[in-house]
Every structure is written in C-alpha cells, then in structure tokens.
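Q: Need a 3D model of the following:
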Amino acid sequence: MMQNKFMARALATLTAVAVSAVMCAATMAAEDVGKGHDHRTFYANGKIVYGNVADSYHSNLSMYLAGNQFMVMQDLIGAFQKDNPDIKKIFVETIPPGQILKGQLLKQGKIDGKKISMTPDIFASVNVNHLNTLHSKNKMDEYMVYVHNKLALEVLEGNPKHIMGPKDLARDDVVVSLPNPLTEGIFISYGSKMLQQLGIYEKVAGNAKCKSCWAIKDKTWFTSRHHREIPLRLLAGQTDVGLVWATEIIYQREIGRKIEGVEIPAPYNMGDKVAYVIGALKSGHHQKNAERFLAFLATPEAQDIYAKHGFIKATAKELELKPLPSPGT
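A: Residues are numbered from 1 along each chain as shown. Now for the predicted structure:
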C-alpha cells in the first residue's frame, strides 16, 4: 500500500515536471519565433517599441523584410537613422516573405487580429519571383540584390549525433526539423532543391505539404511559422538536426545558446543562388525615404553590418537598381 502511494506520488511529480517542461518550451518558442522581433518600431533617439503593428500606418518609413535578417535590424536601422535623423520613426516587419506577399501585400492582413498596412514603402525577399509578382500588378518597378546567404545544418553543441553533412538527414537514427514547405521560402526555393539534388527528398520530406506537422512520423518535422523554431526544438530534445540559414547559427551562438553548425558543401548550400532582393513599392507613402534607405544599403557601412552578422556582401553591380522584367519577357 505504502509502495503504491509512493509510486503514485512519484508519477504525479514526473507528470508535473514534464508538463512544466513542455510549457516552458512553448513559452520559449513564443518568445523566439512569435512576437518579439517580428514587428519593431525604431526611433531616431534609440527607442525601440515591439509589436505595435499600427505603426505600419504611421511611420516615416515602413519596411516588410525577409525574416531571417531580424538580427541585423537594430545595428542597420541605428546606423541609417544616425545618418538620417529626420527619419524619426521606422517600422520594420521581419517574417517569411511568402507570408508577407500573400497575406499582407495582395490582401488585407492581420497580426493578432489587428490590421497591418497593405502599402509599406519597401519589401524584401529571398525570392525574386515575389518581386516579379508585384511588378506584374504594377506595384513595383525596380529592385536590387543587396546581400547573400547559404544553407547550413544546425545541431546541439558537441554534435552528439555526429552529423557530417546533408546526406545524414536521411539516416534512420536522426530526427530532422525542416522549414515548412507552405510558407517558408528557405525550403520552398532552396532546401527542397538541395534534397532533390542529393536524391533524398522523398526519404527525408516524404512529399508532405503541411506545417506544424510530422512530414514523416517521428522522423521529420515541418515548422509552424519560421525556421527560428528549430533551435528551440534542438534545445528541448525534440530533434537532432535542422536546416537553417548559416547566419541563424551565428546568431544563436552570439546569444549564448549551446548550438553549433555543420557546413553544407557547395553547390548544395545554394550559396551561388541565394540572393536577397529588395525594392520600393509604388504605393508607399514615403518614396524619398525609401530611396534613401535603398541607397544606404549599397554603402560599405551597411554591407559591413550585414557581414558582421554572417551574411555575404553583394557586389557593386548587384547593388545597382535595375528594372524588373516585364511580364512575359
């Protein structure tokens, strides 16, 4: 009888600990991939306001940018406003660009039930076809390539599963986390192609088209919203390896997480193909300020800031504004 009571108490304690751990992991995930750095308003006096999407309507410059450069923004915007103090208030959104295009630029979008402007001044993506779509709808005319990145594998510090390269994603003893194939450009445009080139797409991704789901049960997990979920899954013991941008690994180590990277060799890292593209929207209300920001991106100062965070600088030729191709050409 006493033994049964002891066992019951022990089971209850273990259950409580497990529930607490899950809740803690969920909280960490919300802080990391949810609302923290996705929507920020930068003031020229150094003040930063988080999560006020109404500022997308009421700033001197409003920019919707591919989310994987979120770690650069404080340095970048600070330097820009130092040189341009009259641009006192800048709203920046950093989430997957496919979500921005489909859910905010081509139709009215909402963040936590609040409307976000359909007419930012600047849009940036890792997929030039997103900009071509805007051009086909007479919303954007010019663009430039302003930085590059490459794919990498993210593992726990010490690499306990001894992941050596991307072919190890197909190992039966490895649990994999991938950016989802519905809204994440890193997988849609690049990660899926890497798996196909290696001949392991079906083995790893199972041809699944879903998010926040097991593509292959207990083998491959697709993220819910952003590949910034992957380090949280690693730290929670839910996965062995994940596919991310190389810059993400640098950021995780900068903030003290026990994370490390495994390089993906060329051409599989897509380093020759990953180009961040940006342009001003014709419907934006601050055309001159948008022009000033695009000109700033082409400066050595801005390029050095991106390089500090692990990005690859664009060439002088790439940093020149050029017309988007007309539909059908």
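Q: remind me which residues of the chain are low pLDDT?
A: 1-36, 327-329 (pLDDT under 70).
Q: center of it - which residue?
A: What sits nearest the mean C-alpha location of the chain, by C-alpha atoms, centre = their mean, is residue 68, with 3.0 Å.
Q: is it true that it touches residue 250?
A: No: between residue 68 and residue 250 there is no contact under C-beta atoms under 8 Å: 11.6 Å. Placement of C-beta: from N, CA and C, glycine included.
Q: returning to that earlier point: what's the residue nearest to the centre of the chain sitting at in phi/psi?
A: phi -70, psi 0 (degrees, to the nearest 10).
Q: Distance of it relative to residue 248?
A: 7 Å (C-beta to C-beta, to the nearest Å).
Q: what do you get for residue 115?
A: 30 Å.
Q: Also residue 114?
A: Going from residue 114 to residue 248 by C-beta to C-beta gives 28 Å.
Q: can you list residues touching both of residue 68 and residue 248?
A: Applying C-beta atoms under 8 Å, 6 or more residues apart in numbering, one finds that residue 68 and residue 248 are jointly contacted by residue 227.
Q: and the residue nearest to residue 251 when sequence neighbours are not counted, how many neighbours does it have?
A: Excluding the flanking residues, the one nearest residue 251 by C-beta to C-beta, 6 or more residues apart in numbering is residue 71, at 4.5 Å. Residue 71: 21 surrounding residues under other C-beta atoms under 10 Å.
Q: Doesn't residue 71 lie inside a helix?
A: Yes: according to DSSP: H, G, I helix; E, B strand; the rest coil, residue 71 belongs to a helix.
Q: Show me the helices in the stretch 151-300 of the chain, by range?
A: 185, 192-198, 201-205, 230-235, 246-254, 287-297, 300-308 (DSSP state H, counting those that start in this stretch).
Q: For residue 174, find the nearest of the ones you listed.
A: helix 201-205 (9.6 Å; C-beta to C-beta).
Q: contact partners of that closest one?
A: Under the criterion C-beta under 8 Å, 6+ apart, residues 169, 170, 176, 178, 181, 192, 195, 207, 215, 216, 220 lie in contact with helix 201-205.
Q: Just the buried ones from these?
A: 169, 170, 176, 178, 181, 192, 195, 215, 216, 220 (16 or more other C-beta atoms under 10 Å).
Q: Please identify which two of those are farthest apart in space.
A: Using C-beta to C-beta, those reach their maximum pairwise distance at 170 and 181, which is 17.2 Å.
Q: wait, what's in contact with residue 191?
A: Residue 191 touches 151, 178, 179, 243, counting by C-beta under 8 Å, 6+ apart.
Q: Surely the third one touches residue 187?
A: Meaning residue 179. Yes: taking contacts as C-beta under 8 Å, residue 179 lies within contact range of residue 187: 4.0 Å.
Q: So which of the two has more stuff around it?
A: Neighbour totals were compared for residue 179 and residue 187, and residue 179 leads with 29 against 24 (other C-beta under 10 Å).
Q: Contact partners for the more buried one?
A: 186, 187, 191, 222, 223, 226, 227, 230, 243, 244.
Q: Out of the residues you listed, the closest to residue 130 would be?
A: residue 186 (13.3 Å).
Q: pretty sure residue 239 is touching residue 177, no?
A: Yes: counting by C-beta under 8 Å, residue 239 touches residue 177, with 4.2 Å between them.
Q: Between those two, which contacts overlap?
A: Contacts common to residue 239 and residue 177, judged by C-beta under 8 Å, 6+ apart, are 221, 230, 233.
Q: Give me the distance between the first one and residue 42.
A: Distance, residue 221 to residue 42, using C-beta to C-beta: 34 Å.
Q: Equivalent analysis for residue 63, please.
A: 10 Å.
Q: Can you check which residues contact both of the two?
A: Common neighbours of residue 63 and residue 42 (C-beta under 8 Å, 6+ apart) are 90, 91, 92.
Q: hey, what's the last one bridged with?
A: According to DSSP bridges, residue 40, residue 63 are recorded as the beta-bridge partners of residue 92.
Q: returning to what we had before: quick one, which of residue 115 and residue 248 is more surrounded?
A: residue 248 (25 against 14).
Q: ok, that one touching residue 69?
A: No: the criterion here is C-beta under 8 Å, and residue 248 misses it with residue 69 at 10.3 Å.
Q: joint contacts of these two?
A: Shared contacts of residue 248 and residue 69 (C-beta under 8 Å, 6+ apart): none.
Q: With only the CA atoms kept, save the one helix or strand residue 74 maps to in CSV.
A: Using DSSP states H and E, residue 74 sits in helix 73-83. Extracted in CSV, the C-alpha atoms of helix 73-83 (Å, rounded to 0.1, in the frame of the first residue of the first chain):
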residue,chain,number,x,y,z
MET,A,73,18.0,45.3,-37.9
GLN,A,74,19.0,47.1,-34.7
ASP,A,75,22.5,47.7,-36.0
LEU,A,76,21.3,48.6,-39.5
ILE,A,77,18.5,50.9,-38.6
GLY,A,78,20.5,52.6,-35.9
ALA,A,79,23.3,53.4,-38.4
PHE,A,80,20.7,54.6,-41.0
GLN,A,81,19.0,56.9,-38.6
LYS,A,82,22.3,58.2,-37.3
ASP,A,83,22.9,59.4,-40.9
